[in-house]
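> kindly return the folded structure for what I paste below:
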Amino acid sequence: MPNLTPTKIPYLTHVWNPVTGCSPAGEGCRNCYAARLAATRLREHPRYQGLACEASVFDCRRTYQWTGEVRFHADLLDAPLRARKQRVIGVTFMGDLWHEAFTDAQRDEVYARIALAPRHTFVDLTKRTAARERYLNDPATQGRIISVAERIAHDVTCHIETAWPLPNLWQLSTVCNQEFADRNITHLLATPAACRVVSLEPMLGPVTFTRQMKHDEASWLTFKDEPRRPHLIDGVFLGGESGPDARPMNPEWALQVYRDCKTAGVPFWFKQWGDFVKRHPRALELLPPGAWDEAIEMEGVHELPEAMQHD
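Have a look, this model is predicted:
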């Protein structure tokens, strides 16, 4: 399947990277896995060459960062259209479509392919939630996407999805602590979406998803005894930081989010404790008495929002 890359990310089957390259958008980007990959294993690949570099060497450990250069790969745009079997596709996981260097016209080209491939599910993940909110709330955006899709449809036989928001597109936002949660989740909730998920990874500080766990708009979560409210969160993915310079995640931070989601009946996916705990297993001793069983339970929870479930 040319230009769709199989992935081990558990909620995806493939990734599609019509854009590559990025620049830091917050503290969660400090040890970016994609920058490390672009600067090492992929450094000679023409799509990644020069996009990331070694930033420093400290205590025999190397760190890597994006150079700020980004690239748009028009030749990769039609890859999802060539995949006939149903896929769950991560969009631009080696870059960010919402980087300020990209234009709305380029985003229209990407979103038109999503509209032309309703058999697939697409997952759009970003830290730049304000740019995405602006684009998807622009009254002209849907018309531009359909116009581009109609142009493409002259060359390929495809059904154009005209429902809005696109029902086969799930919007994910990355946060790492309360400051970024308050900002990015606010933008996520204001974004038209068939499904909204918060990716709390790497978790670098405590995050409260609901103040008093009451049935009111103070909560970001839809409660299990009420219909899905269209402006709230449908799921939470959570994990500690990976890599040689991983920063610690207090186990109690993760448990509190798990409790919030469990109380509300919101799907929760625990990905990992992170490499810091692997190197310092006694870090789990930070758990208060009686919390060990709850932590073991949390480790085995891998739930997807109903809209994201696939075989």
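
> please enumerate the helices of the chain.
Using DSSP state H, the helices of the chain run over 33-39, 79-82, 104-115, 129-137, 141-153, 178-189, 251-264, 275-279, 292-299.

> least reliable of those going by mean pLDDT?
Note on the helices of the chain: lowest mean pLDDT is at helix 275-279, with a mean of 75.

> would you mark the buried spots in that helix?
By neighbour count on 16 or more other C-beta atoms under 10 Å, the buried set for helix 275-279 is 275, 276, 277. All C-beta spots, glycine's among them, are computed from the backbone N, C-alpha and C.

> could you export the residues you listed as CSV, including distance to residue 257?
As requested, those are exported to CSV (distance: C-beta to C-beta, whole Å):
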residue, distance to residue 257
275, 20
276, 18
277, 16
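
> quick one, what contacts the residue positioned nearest the centre of the chain?
With distances taken as C-alpha atoms, centre = their mean, the residue of the chain nearest its centroid is residue 125 (3.0 Å). For residue 125, the contact set (C-beta atoms under 8 Å, 6 or more residues apart in numbering) comprises 90, 91, 93, 172, 173, 174, 199.

> can we see that at 10 Å?
9, 12, 90-93, 96-98, 170-174, 197, 199, 237 (C-beta atoms under 10 Å, 6 or more residues apart in numbering).

> try residue 194
Residue 194 neighbours (C-beta under 10 Å, 6+ apart): 121, 163-171, 230, 234, 305, 307-308.

> out of those residues, which comes closest to residue 266?
Distance to residue 266 across the contacts of residue 194 (C-beta to C-beta) is lowest for residue 234, with 7.2 Å.

> neighbours of the closest residue to the closest one other than its chain neighbours, just the number please.
Nearest residue to residue 234 in three dimensions, chain neighbours excluded: residue 305, at 4.1 Å (C-beta to C-beta, 6 or more residues apart in numbering). Counted with other C-beta atoms under 10 Å, residues neighbouring residue 305 total 20.

> pop the domain breakdown of this protein in here.
1-173, 195-311 (automatic domain parsing).

> so which of these is nearest residue 181?
Per C-beta to C-beta, nearest to residue 181 of the domains of the chain: domain 195-311, 4.7 Å.

> now do the strands in the stretch 201-311 of the chain.
Taking DSSP state E, counting those that start in this stretch as the test, the strands found in the stretch 201-311 of the chain are 235-239, 268-272.

> now do the buried residues in the first one.
So that's strand 235-239. Buried residues in strand 235-239, counted by 16+ other C-beta under 10 Å: 235, 236, 237, 238, 239.

> next one: stretch 14-33
For stretch 14-33, by 16+ other C-beta under 10 Å, it's 14-23, 25-26, 28-32.

> let's see which of those end up in strands.
Among those, the ones falling in strands (DSSP state E) are 14, 15, 16, 19, 20.

> out of the residues you listed, the closest to residue 249 would be?
Nearest member of these to residue 249, counting by C-beta to C-beta, is residue 15, at 24.7 Å.

> and that closest one, what does it touch?
Contact partners of residue 15, counting by C-beta under 10 Å, 6+ apart, are 4, 5, 6, 7, 9, 89, 90, 91, 92, 93, 94, 123.
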